[in-house]
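A.B. asks: The following comprises the amino acid sequence and a computationally predicted model.
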Amino acid sequence: MMYKAADNRYDSGMRYERCGHSGVLLPRVSLGFWHNFGSVDPYERSREITHYAFDHGITHFDLANNYGPVYGSAEETMGRLMDDSFRPYRDELFIATKAGYDMWPGPYGNWGSRKYLMASLEQSLRRMHLDYVDLFYSHRYDPETPLEETLQALVDTVRQGKALYVGISRWPLEATRTAYEYLKAHDVPLLIYQGRLNMLDRTPQEEGIMDFCADHGVGFISFSPLAQGLLTDRYLNGVPDDSRMSKGKFLKKEMLTDELLQRLRDYNRQAQDRGETLAEHALRWILEQRGVTSVLVGASSTAQLEKNLRCVSPV
Ligand SMILES: NC(=O)c1ccc[n+]([C@@H]2O[C@H](COP(=O)([O-])OP(=O)(O)OC[C@H]3O[C@@H](n4cnc5c(N)ncnc54)[C@H](OP(=O)(O)O)[C@@H]3O)[C@@H](O)[C@H]2O)c1
């Protein structure tokens, strides 16, 4: 049966924040496709999660060329979702993708060259069954490609009508400054910076990136806001079989030291004292930081998303 979005999707408690000095409002909670949307994952569950998200005001989906596994398959899932569910709602969605990490073999399928970025976006559009993305990112800083080459490629994706806005992810501060100046001079302002900020990792704050963004009207979106699940009740009493850590690729068991577990339990106690879950507490903490536009959560079930969405409800 064709999906029909909930009539009350904009009245269910979601709040929207202006993304830097732009016209774009982003939901305070956005949904990432890094895990749970690949060809290895059941499509029905991916579909259910996205329906739940959109029905609750999550209008921003974040992808990258190589999300899966297999590489490209999260974008293919997005394409299928466009056909099955979201085509009538295209103008209500803000869809992002990225290029910067390894995607295809050979010298042109990685890093920051114009050759890679332009070809990759073309492929992403084909996989997602889209004419344009709302946001195209350089996924990482490339120390060996002239920044101007990467940045001009971003500008040109906008000129070609294949992206409406551009962003950068994981760029160091000085390169971020260069990106900001270059893009401004070429009339394609830097919309947003995507970095890892959570209660366990405050690097973008410590490195001055968040202050730079706030001072210059650039939005900031926090990826892995729950530290891949560590900042939830997932690992407080062991490692569940169906968890990301038990798969062991991106979240390793060695990370869960006694010291970390103690810290998580302390955070959990603080959260409980405030009548919150740990996940809710961790997300609220991020949303209170200066310059944060949105938290970009992952979820392997609608139940997790439901819990995470509590961070936008009034205390
Ligand atoms: N720019 C970059 O380089 C970069 C890097 C990483 C991520 N990202 C983006 O950020 C998005 C989010 O990253 P992430 O998936 O690491 O985010 P996250 O929100 O920190 O972690 C999500 C994972 O935590 C667990 N979880 C979430 N909510 C939970 C809850 N309420 N209770 C218990 N467990 C819960 C689930 O893992 P289980 O599988 O264990 O259930 C879920 O898949 C990605 O999808 C991607 O779009 C970008």
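C.D. replies: Now that the structure is in, tell me what you want to look at.
A.B. asks: Tell me where the stretch 201-315 of the chain is predicted with low confidence.
C.D. replies: 315 (pLDDT under 70).
A.B. asks: In contact with the residue of it found nearest the ligand, which residues?
C.D. replies: Here the residue of the stretch 201-315 of the chain nearest the ligand is Gly298; by CB to the nearest ligand atom that distance is 2.3 Å. Just so you know, the C-beta spots here come from the backbone N, C-alpha and C atoms, and that holds for glycine as well. For Gly298, the contacting residues are Leu31, Gly32, Trp34, His35, Asn36, Ser224, Leu226, Gln228, by CB atoms under 8 Å, 6 or more residues apart in numbering.
A.B. asks: what's the closest residue to the last one other than its chain neighbours sitting at in phi/psi?
C.D. replies: Right, the one you point to is Gln228. Nearest non-adjacent residue to Gln228, counting by CB to CB, 6 or more residues apart in numbering: Leu251, 4.6 Å away. Leu251 adopts backbone torsions of phi -130, psi 110, taken as degrees, to the nearest 10.
A.B. asks: still on that earlier bit, the contacts of Gly298 in helices, which ones?
C.D. replies: When those are checked against helices (DSSP state H), there are no matches.
A.B. asks: okay if I get these as CSV plus neighbour count and distance to Met128?
C.D. replies: Formatted as CSV, the contacts of Gly298 follow (neighbours: other CB atoms under 10 Å; distance: CB to CB, whole Å):
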residue, neighbour count, distance to Met128
Leu31, 24, 15
Gly32, 25, 15
Trp34, 19, 15
His35, 22, 18
Asn36, 22, 17
Ser224, 23, 23
Leu226, 24, 26
Gln228, 23, 24
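A.B. asks: From these, list the ones also adjacent to the ligand.
C.D. replies: With CB under 6 Å from any ligand atom as the criterion, these include Gly32, Trp34, His35, Asn36, Ser224, Leu226, Gln228 near the ligand.
A.B. asks: so which of those comes closest to Thr277?
C.D. replies: Looking at the ones next to the ligand among the contacts of Gly298 and their distance to Thr277, the nearest is Leu226, at 10.8 Å (CB to CB).
A.B. asks: Quick check: the closest one vs Pro143, distance?
C.D. replies: Look at Leu226 and Pro143: by CB to CB, to the nearest Å, they are 30 Å apart.
A.B. asks: What distance do you get for the residue nearest to Gln228 to Gly79?
C.D. replies: 28 Å.
A.B. asks: Between those two, tell me which one has more neighbours.
C.D. replies: Leu251 (21 against 17; other CB atoms under 10 Å).
A.B. asks: circling back: surely the residue nearest to Gln228 touches Gly229?
C.D. replies: Yes. With contact defined as CB atoms under 8 Å, Leu251 and Gly229 form a contacting pair (6.8 Å).
A.B. asks: Of the contacts of Gly298, which belong to strands?
C.D. replies: Taking DSSP state E, the ones among the contacts of Gly298 that sit in strands are Leu31, Gly32.
A.B. asks: Assess the claim that Asn198 and Leu226 are in contact.
C.D. replies: Yes. Look at Asn198 against Leu226 with CB under 8 Å: they come within range, at 6.7 Å.
A.B. asks: what is in contact with these two at once?
C.D. replies: Taking CB under 8 Å, 6+ apart as the criterion, Asn198 and Leu226 both touch Ala282.
A.B. asks: Would you mind listing what in the chain touches the ligand?
C.D. replies: Counting by CB under 6 Å from any ligand atom, the chain sits next to the ligand at 32-36, 62, 139, 169-170, 194, 223-229, 232, 234, 243-244, 279, 296-300, 304, 307-308.
A.B. asks: Pick out the residue of the stretch 1-150 of the chain closest to the ligand.
C.D. replies: The stretch 1-150 of the chain approaches the ligand most closely through Gly32 (2.1 Å), counting by CB to the nearest ligand atom.
A.B. asks: ok, that residue - contacts?
C.D. replies: Phe61, Asp62, Leu63, Phe223, Leu296, Val297, Gly298.
A.B. asks: so can I have TSV of these showing distance to Val40 and secondary structure?
C.D. replies: Listed next are these as TSV, based on distance: CB to CB, whole Å; DSSP: H, G, I helix; E, B strand; the rest coil:
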residue	distance to Val40	secondary structure
Phe61	19	strand
Asp62	19	strand
Leu63	16	coil
Phe223	21	strand
Leu296	21	strand
Val297	20	strand
Gly298	15	coil
